[in-house]
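> below are the sequence and a predicted model for it; my questions follow.
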Number of protein chains: 2
Amino acid sequence: MKSDIQIAQEAKLLKISEVAKTIGLSEDDYEQYGKYKAKVDPNLLRKLENKEDGKLVLVTAITPTPAGEGKSTVSVGLTQALNRLGKKSIAALREPSLGPVFGIKGGATGGGHSQVIPMEDINLHFTGDIHAIGVAHNLVSACIDNHLKFGNTLNIDITKITWKRVMDMNDRSLRNIVIGLGGTANGIPREDSFQITVASEIMAAMCLADSIADLKEKIGEMVFAYSTAGTPLKIKDLNVQGAVAALMKEAIKPNLVQTLENTPVFIHGGPFANIAHGCNSLLATKLALKLSDFAITEAGFAADLGAEKFLDIKCRKGGLTPNCVVVVATVRALKHHGGAKDLSVQDLDALQKGLSNLEKHIENMKKFNLPVVVAMNRFVTDTESEFDLIRKVCSDHNVPVADCDVWANGGAGGEELAKLVIGEIEKGEDNYTPLYSLESSPEEKIEIIAKEIYGADGVVFSPKAKKTIKTIVENGYGELPICVSKTQKSISDNPALLGRPENFTVTVNEIRLSAGAGFLVAMAGNIIDMPGLPKKPSAELIDIDENGKITGLF
Amino acid sequence: MKSDIQIAQEAKLLKISEVAKTIGLSEDDYEQYGKYKAKVDPNLLRKLENKEDGKLVLVTAITPTPAGEGKSTVSVGLTQALNRLGKKSIAALREPSLGPVFGIKGGATGGGHSQVIPMEDINLHFTGDIHAIGVAHNLVSACIDNHLKFGNTLNIDITKITWKRVMDMNDRSLRNIVIGLGGTANGIPREDSFQITVASEIMAAMCLADSIADLKEKIGEMVFAYSTAGTPLKIKDLNVQGAVAALMKEAIKPNLVQTLENTPVFIHGGPFANIAHGCNSLLATKLALKLSDFAITEAGFAADLGAEKFLDIKCRKGGLTPNCVVVVATVRALKHHGGAKDLSVQDLDALQKGLSNLEKHIENMKKFNLPVVVAMNRFVTDTESEFDLIRKVCSDHNVPVADCDVWANGGAGGEELAKLVIGEIEKGEDNYTPLYSLESSPEEKIEIIAKEIYGADGVVFSPKAKKTIKTIVENGYGELPICVSKTQKSISDNPALLGRPENFTVTVNEIRLSAGAGFLVAMAGNIIDMPGLPKKPSAELIDIDENGKITGLF
């Protein structure tokens, strides 16, 4: 069987100028980055102001196994299928971080015959967006410590610096560090920490900004520390928001690439789906909507995390009205939720039990008044009896379900799904409504998410969290939406609770303020924002030959 | 008076495809990065194998003041002038690091009417080369600490890890840090340090590599630590040289841009000129030689550092035969060397004394059997009497001198210099010879450089340095060339000794092995490889407006 990278390297790519032509872009609308990548000028949105938007489809998933359930693959397959059916469709997806590429998870450009290409470029540096974010972020860090060294006129409380440093690498040794050692010429000693770059608030803000001016404004508003008097200190107090935004000049422009079937895809932005909202950039989604009839987008992790944030944060901030939600399910993951140990053999009992997870996600998505379509993402080991069980549950919930074979068959394998999505949208019954009102208190908003989406009995706030909420409200941030940071392994905040957890409470230990990106992060559990490498990292498999051909990427 | 960035932004740029056409490139030979930047495929060198090389001109300088003496500006002005005179000329220059852009020094794309453009892009990220180097370098770092955590089968001596982490930022607080705190889940605690990215050995190696395969080989050979038994441990022992090289896939391709007068320039690679060789990439220089009649290149700091390393390391490794050396001098710097305090008023006494510095650099360059031309880089405050003094000294040394007004007048201001360079080369008397033989011992090689170039009476080696040399020779690295790391403020190793220092000895405290790049670094003085920001960093001046226009860069 061919590997993803082999399939990708055998693909016949169109020049990106030809892809751009198919969606009506003129040469002034984009800049090429090599022959197969382009950055599109977001000002195009102004030009297209009066053009009607296409329909917006969100691809989300059930609670995944560590391997992921193939959201990106289904998103790519679905957009390929829609184009095969004669519809104009563009996918807007997240860009991969380098950390996982060298760690365990591998790249993030779909799989099999539903991939975005050139996959090596997209997985390695791409057009440099994440590097730009890294430098922009670390410029702030350097200026904070420089300010401390030169007299600290802002009275930064050295124990209350919330702005960490970042690196685009899985590097656990940088989670807890002490910096500024070696005497005053080398800075002021203090505890510090590195996050992986995609966890930077600048990434989250870029993905919610509608222009470079808006991004600069957001950067200026970011709170990096508290003063000894307890006042929030913002990046604009350091007077470097202009330089930080200047570093983001190119990064803010959505990247255009193509699928294996030469259909257009925007890949732009990839914030964490726990401490941030986990969706590609608003600009990319908006461009996809203006330039196509069906914009396909995705959100990180399962529907309780990515989709909820997409619907309550991104759509609300961006004025988007999604029209349909696709929930990706795999037989393997459902069996996992039903307690099966060997996921490669038929196990109808486990599957039946595990289907409660899918049911809960379907019910959740309906709470946003959106039609739901289930995509059964097929694996070679799946059996027809297993599929029948899934079909039965979907039918009970009055939700259409598609047999989705996009990994093996590309767009052809997604036509059933595409037809169902078109059908649901054509009914015109979608009526997107966010889950909670922004005017509710932070506690109320968190409780609504926990009860309605996770199925919790309630929320316990730690004293620290309560205190922080009080300060946050006093400082005028009480009406921000909520971004829950919790495990992706369960709908609850406890990774051990599979399927559809019940009779539990969610514990919020800490609240973090993302004042620039514009949300409050409710920390429910100990979320690692700097992954580590496994004993044998994927890096050991990756190679390049004398012709520049890369192997071992997956 | 217009600022550099204003002049640059008013320039009429050619599309890079047009620039590429002027030097005979076909569309398959390069990839566009935006409309005004391109990466050129180094395989072009194979295609042009049988084409004769152009002439190679090195631009170096006298010992500078902190502002620099305008090597890049003169290099750009000279290549513009040669093109004005109907000669085909391409400059091959270094790419700027972001650290200085936000610190004190500003960008590095020339100045006035002799600049390389688009200057904002080149100074901010450019085509991402330095970011690629940063990630490639830090992947090795992460793998080292990962190896320590998972049992340390290589027996890495935790106190003898010579591979630091890197960041492209002036961030003094990262010079001395402790990592791996917080328990075993977060790595093994140890002392560590960040260098600025351009100080990475991967940068040095990229600039001396002739292909991606050669670079991978060099990366594999890099020594990152010593085992508890004292054995040098190489990156290939970690088995990640393939992944590290894969990250360098695009970075190794030279970048094509243009001057204000639309002449072609390669900007590629920018290693430190103290702990590394300080020259742009060999591939860029070789391409410039194949594609033009006169390739103009530069080397960091003054002639005692950059030029010596260019001639003894880069030219030797790359099989280059330079034909002429231009030494840039300014009245201001010469007066500084003569003890003047106010550099903006005429001071013939100080100038006369300071000219000893220029004389020494001229003598030094002649030791490589190369013709020398002096470029008097004009400032508005300079007087005719001051110029006459310089002319006199040059005449005494039988060296032509040009009045060089490229800052104010672009190529037109460099025509006198260009004509002198052409004249010297046409004499055909150049006979490039390296200063020392590689077979000499490390001590002998260092002594030759110190005596012949610096004018020292001798070299004192610390016991530590002596011990390291012994180990290095035993490990088979004795025949590598020498890269002296010392102050750029003096021809000696003492920054206080201006002009032409005499009666001094050079002290070598430490020897570092750059086994992959292929040289031994003799540390003569305490060289900082991670700069800091000043009290008011340039970052506070930089801004971007709603149209993406950048201001405050210089």
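Happy to help now that I have it.
> got the CA positions of the worst-scoring helix or strand of chain A on mean pLDDT in PDB?
In chain A, no helix or strand scores lower on mean pLDDT, DSSP states H and E than helix A:98-102, which sits at a mean of 87. Only the C-alpha atoms of helix A:98-102 are listed here, as PDB (Å, rounded to 0.1, in the frame of the first residue of the first chain):
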ATOM      1  CA  LEU A  98       6.300  21.400  13.100                       C
ATOM      2  CA  GLY A  99       6.300  20.000  16.600                       C
ATOM      3  CA  PRO A 100       3.900  17.100  15.900                       C
ATOM      4  CA  VAL A 101       5.600  16.500  12.500                       C
ATOM      5  CA  PHE A 102       8.800  15.400  14.400                       C
END
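> remind me which residues of the stretch 51-200 of chain A are low pLDDT?
Where the stretch 51-200 of chain A drops to pLDDT under 70, the residues are A:105-107.
> strands along that one, start to end?
Counting by DSSP state E, counting those that start in this stretch, one finds strands in the stretch 51-200 of chain A at the ranges A:55-61, A:89-93, A:110-111, A:114-117, A:156-161, A:165-167, A:177-179, A:190-192, A:194-196.
> now do the last one: which elements does it pack against?
Spelled out, it's strand A:194-196. strand A:165-167 (3 or more C-beta pairs under 8 Å, 6 or more residues apart in numbering or on different chains; DSSP states H and E). For glycine as for every other residue, the C-beta is placed from the backbone atoms N, C-alpha and C.
> touching the strand it packs on from outside, list them.
Residues from elsewhere that reach strand A:165-167 (C-beta atoms under 8 Å, 6 or more residues apart in numbering or on different chains): A:133-134, A:137-138, A:141, A:174, A:192-197, A:199-200, A:530, B:138, B:167.
> can you rerun that using 6 Å?
A:Gly134, A:His137, A:Asn138, A:Ser141, A:Phe194, A:Gln195, A:Thr197, A:Ser200 (C-beta atoms under 6 Å, 6 or more residues apart in numbering or on different chains).
> kindly report the same for stretch A:226-238.
Contacts to stretch A:226-238, defined as C-beta under 6 Å, 6+ apart, come from residues A:140, A:143, A:154-155, A:157, A:160, A:219-225, A:241, A:475.
> ok, back up a step: need the contacts of strand A:165-167 in JSON lines with neighbour count, can you?
JSON lines is the format used below for the contacts of strand A:165-167 (neighbours: other C-beta atoms under 10 Å in any protein chain shown):
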{"residue": "A:Gly134", "neighbour count": "30"}
{"residue": "A:His137", "neighbour count": "26"}
{"residue": "A:Asn138", "neighbour count": "25"}
{"residue": "A:Ser141", "neighbour count": "23"}
{"residue": "A:Phe194", "neighbour count": "24"}
{"residue": "A:Gln195", "neighbour count": "21"}
{"residue": "A:Thr197", "neighbour count": "29"}
{"residue": "A:Ser200", "neighbour count": "30"}
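> in helices only, show me the residues you listed.
A:Gly134, A:His137, A:Asn138, A:Ser141 (DSSP state H).
> now a PyMOL select for only the buried ones of the contacts of stretch A:226-238.
In PyMOL, a selection of the buried entries from those looks like this (16 or more other C-beta atoms under 10 Å in any protein chain shown):
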select buried, chain A and resi 140+143+154+157+219+220+221+222+223+224+225+241
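> and which of the contacts of stretch A:226-238 is nearest chain B?
Proximity of the contacts of stretch A:226-238 to chain B (C-beta to the nearest C-beta) peaks at A:Cys143, which lies at 6.4 Å.
> which of the ones in helices among the contacts of strand A:165-167 sits closest to A:Glu49?
A:His137 (32.3 Å; C-beta to C-beta).
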